[in-house]
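Novice: Generate coordinates for the sequence data below:
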Amino acid sequence: MLAPIKNFSAVGMLLYIAFALRGRAYLPEGGALKASEAFAEAASRNGVEIRYGEKVRSIQVEQGQVRGVVLENGTNVHANKIISAADIRQTFYKFIDPSLVPSDFRKKLETTPLSDTFVILSLVTTIDPAAYTFDKMDIFTTDTANINEALTPDHPERSFISIQFPEFHVEAGDPQLFGIQLVAPASFEYQGYWATGPEQARTEEYRKLKEDFAGRVIARAEKLIPGLSRHIVSMDIATPMTMHRYTLNDLGAAVGWSYRSTQQWKQKVPFLRGLYLAGHWVGPSGIYNVAVSGKNAAELVLRNG
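Specialist: Below you'll find the model as predicted:
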């Protein structure tokens, strides 16, 4: 499954296609969450304590050395080594006193382009993908051969849409129900930031706007899956505002920095001792690259005592 990317090199795309054709490209069976669950289980087996639902309020710094974090509930967790996989702008503008961040690094943070943003519809339907020859297949459809036009956000009638068929295995699940995800490019600023209120608070106008957008995406998908709208059992609509709210990625960026960015990011922060970076904000996104960044960060911590 490869999303179209503006100005992506032909050689890079051919490399991905070659992996797929050779049977070397896979999605985790049961959904992408299975990958993170596997990493969490492995970490727990090796003595890592994982605290869910506890946000970090700030990173404590003394004389250029990190000393720990303060959680939103006021708990102090002491540590002289910290790896942040959070949104990188949030790390340096919210968790840390911005005055500690050098001006050249701030400029880099502010000028590096973010990844594209999308609306994602997660549907439970009574439509069996195999009946439409889509079993175990994700597809992209567009009415134009111009990739920049296909990636123009906020126009699902014209832009590309992705139709994905995630395979979730739940023992108690109804075998007559199937998952379908529809994805279309959409901007964070659409219709006045999706008609949200102060600090992106959800409003009735926001609900209506995202339902209207979802209806337009579904109408487009029905060209390939006739009658889809009549077979929807439940639907969750995620907008760029949703991504911003729940993943804390700046402006709803789907995968951190843009693939078009040529900026290099060091995983060991040069101006704060003991602070390291990992995740899709230090390089290309994707399970493999993000996992490697975590491995690299761990090795840097061990190497530096």
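Novice: Pull out the buried positions in stretch 123-141.
Specialist: L123, V124, T125, I127, P129, Y132, F134, D138 (16 or more other Cβ atoms under 10 Å). From N, CA and C alone the C-beta is placed, and that goes for glycine too.
Novice: What is the nearest of those residues to A219?
Specialist: In terms of Cβ to Cβ, no member of the buried residues of stretch 123-141 lies closer to A219 than L123, at 13.6 Å.
Novice: Isn't that closest one up against I237?
Specialist: No. Distance between L123 and I237: 9.8 Å, which falls outside the contact criterion (Cβ atoms under 8 Å).
Novice: Same list (the buried residues of stretch 123-141) but as CSV, adding secondary structure.
Specialist: Output for the buried residues of stretch 123-141, formatted as CSV (DSSP: H, G, I helix; E, B strand; the rest coil):
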residue, secondary structure
L123, strand
V124, strand
T125, strand
I127, coil
P129, helix
Y132, helix
F134, coil
D138, coil
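Novice: Save the residues you listed as JSON lines, and put in pLDDT and distance to A254 too.
Specialist: Listed next are the buried residues of stretch 123-141 as JSON lines, based on pLDDT from 0 to 100; distance: Cβ to Cβ, whole Å:
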{"residue": "L123", "pLDDT": "94", "distance to A254": "19"}
{"residue": "V124", "pLDDT": "92", "distance to A254": "23"}
{"residue": "T125", "pLDDT": "93", "distance to A254": "24"}
{"residue": "I127", "pLDDT": "89", "distance to A254": "26"}
{"residue": "P129", "pLDDT": "85", "distance to A254": "24"}
{"residue": "Y132", "pLDDT": "81", "distance to A254": "27"}
{"residue": "F134", "pLDDT": "77", "distance to A254": "23"}
{"residue": "D138", "pLDDT": "76", "distance to A254": "16"}
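Novice: Would you mind listing the buried residues in stretch 174-186?
Specialist: For stretch 174-186, the buried set under the neighbour-count rule, 16+ other Cβ under 10 Å, comprises L177, F178, G179, I180, Q181, L182, V183, A184, P185, A186.
Novice: ok, now stretch 92-112?
Specialist: F92, Y93, F95, I96, V101, L109, T112.
Novice: Quick check: of those, which lies closest to L248?
Specialist: Taking these together and measuring to L248 by Cβ to Cβ, the closest member is F95, at 11.0 Å.
Novice: what's the burial count for the closest residue to that closest one other than its chain neighbours?
Specialist: In space, and not counting its chain neighbours, F95 is closest to I59: 4.4 Å by Cβ to Cβ, 6 or more residues apart in numbering. Residue neighbour count, defined by other Cβ atoms under 10 Å, stands at 24 for I59.
Novice: Tell me the secondary structure of I59, please.
Specialist: Per three-state DSSP, I59 ends up strand.
Novice: On the strand side of things, show who it bridges to.
Specialist: Beta-bridge pairing for I59 (DSSP bridges): V69.
Novice: quick one: it and G274, what's the gap?
Specialist: 10 Å (Cβ to Cβ, to the nearest Å).
Novice: Identify the contacts common to those two.
Specialist: V66, I82 (Cβ atoms under 8 Å, 6 or more residues apart in numbering).
Novice: quick revisit: nearest to D250, out of the buried residues of stretch 174-186: which one, please.
Specialist: Nearest to D250 among the buried residues of stretch 174-186, with distances taken as Cβ to Cβ, is A186, at 16.1 Å.
Novice: what ranges do the helices span in this structure?
Specialist: 10-21, 33-45, 88-90, 103-111, 147-150, 190-195, 204-221, 240-247, 287-303 (DSSP state H).
Novice: list the buried ones in the second one?
Specialist: When you say that, I think you mean helix 33-45. A35.
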